[in-house]
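Engineer: Attaching a predicted model along with its sequence, questions to come.
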Amino acid sequence: NAGVTQTPKFQVLKTGQSMTLQCAQDMNHNSMYWYRQDPGMGLRLIYYSASEGTTDKGEVPNGYNVSRLNKREFSLRLESAAPSQTSVYFCASGYRAPGGTEAFFGQGTRLTVV
Amino acid sequence: TQLLEQSPQFLSIQEGENLTVYCNSSSVFSSLQWYRQEPGEGPVLLVTVVTGGEVKKLKRLTFQFGDARKDSSLHITAAQPGDTGLYLCAGTYSGAGSYQLTFGKGTKLSVIP
């Protein structure tokens, strides 16, 4: 079972370059998420998509854009990468459980901006 | 921004010891989850609690949701090296969109053989 698949797993960018992080899920979940994880900061929500065709900003959206391409795929784009965007990025898909959403995560993309 | 405070931030114990970690907020949760994350991996869901006062057990792990649904605890009995990892709590707040999932900063647990 693939679950949530992220590509690439590692990436090094130069300041100012752009790139798109890809995420796909095969669990037929409606909601999808992008988080970043930095040492001592926990997981911070960048953007999320409650359902196909909708996207909303999270806690730290500046410098990022997203596209919910279809129910399976949710991509994250960095238009002009900055060293402050060096982080580990996690994509998750969400299952609507009683009281809230349960999330299932990919293995992460480790991004370094030099 | 809603805040989830986890304590302690770091915990190092000997194999066989018991431990408790905490998750607190000033706001009410509609549900709360605990995840475990191992190095180089994404977080993995352990449990969801929904009802105030609820207690759930998963082998040697006991999860409790506070009566007021503002706090939760995770107790591990007779810790083993395989329990080593980052324990994260995450909440969906009452009144917020039920799709928003907010994480605490985590408790990093090391169990020494």
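Structural biologist: The structure has been received and is ready for your questions. Numbers count the residues shown, from 1 in each chain, chains lettered A, B, ... in the order given.

Engineer: Show me the shaky parts of chain B.
Structural biologist: Applying pLDDT under 70 to chain B flags the ranges B:1-2, B:94-98.

Engineer: Next to chain A in this structure, residues from it, please.
Structural biologist: B:1, B:29-31, B:33, B:40-45, B:48, B:50, B:88, B:90-92, B:97-106 (CB under 8 Å from any CB of the partner chain). C-beta here means a position set from N, CA and C on the backbone, and glycine is covered the same way.

Engineer: For the residues you listed, which PyMOL command selects only the ones that are buried?
Structural biologist: To isolate the buried members of the residues of chain B next to chain A in PyMOL, using 16 or more other CB atoms under 10 Å in any protein chain shown:
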select buried, chain B and resi 29+30+31+33+42+43+45+48+50+88+90+91+92+98+99+100+101+102+103+104+105+106
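
Engineer: dump the residue contacts of the closest residue to B:V44 other than its chain neighbours.
Structural biologist: Once flanking residues are discounted, B:V44 sits nearest to B:R36: 5.7 Å by CB to CB, 6 or more residues apart in numbering or on different chains. Neighbouring residues of B:R36 by CB atoms under 8 Å, 6 or more residues apart in numbering or on different chains: B:43-44, B:46, B:85-88.

Engineer: at 10 Å what do you get?
Structural biologist: By CB atoms under 10 Å, 6 or more residues apart in numbering or on different chains, B:R36 lies in contact with B:43-46, B:61, B:74, B:83-88, B:106, B:109.

Engineer: repeat for A:A82
Structural biologist: So A:A82 contacts A:13, A:15-16, A:63, A:113 (CB under 10 Å, 6+ apart).

Engineer: which residues sit in contact with B:P39?
Structural biologist: With CB under 10 Å, 6+ apart, B:P39 has these contacts: B:84-86.

Engineer: Could you export these as a markdown table, including distance to A:K71, neighbour count and secondary structure?
Structural biologist: Converted to a markdown table, the contacts of B:P39 look like this (distance: CB to CB, whole Å; neighbours: other CB atoms under 10 Å in any protein chain shown; DSSP: H, G, I helix; E, B strand; the rest coil):
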| residue | distance to A:K71 | neighbour count | secondary structure |
| --- | --- | --- | --- |
| B:T84 | 36 | 18 | coil |
| B:G85 | 31 | 20 | strand |
| B:L86 | 30 | 19 | strand |
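
Engineer: Strands along chain B, start to end?
Structural biologist: B:5-7, B:10-14, B:19-24, B:29-37, B:44-49, B:55-58, B:61-65, B:71-76, B:85-93, B:102-103, B:107-112 (DSSP state E).

Engineer: Convert the C-alpha atoms of the last one to CSV, please.
Structural biologist: It stands for strand B:107-112. Provided in CSV are the C-alpha atoms of strand B:107-112 (Å, rounded to 0.1, in the frame of the first residue of the first chain):
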residue,chain,number,x,y,z
THR,B,107,8.4,15.6,23.1
LYS,B,108,11.6,13.8,22.0
LEU,B,109,11.9,10.6,23.9
SER,B,110,15.1,8.5,24.2
VAL,B,111,14.9,5.1,25.9
ILE,B,112,18.4,3.9,26.9
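
Engineer: what about A:F74, how many residues close to it?
Structural biologist: For A:F74, the neighbour count with other CB atoms under 10 Å in any protein chain shown is 28.

Engineer: now swap in A:T112 and tell me
Structural biologist: 13.

Engineer: would you say it is within a helix?
Structural biologist: No - counting by DSSP: H, G, I helix; E, B strand; the rest coil, A:T112 is not part of a helix but strand.

Engineer: Would you agree it is in contact with A:S87?
Structural biologist: Yes - counting by CB atoms under 10 Å, A:T112 touches A:S87, with 8.9 Å between them.
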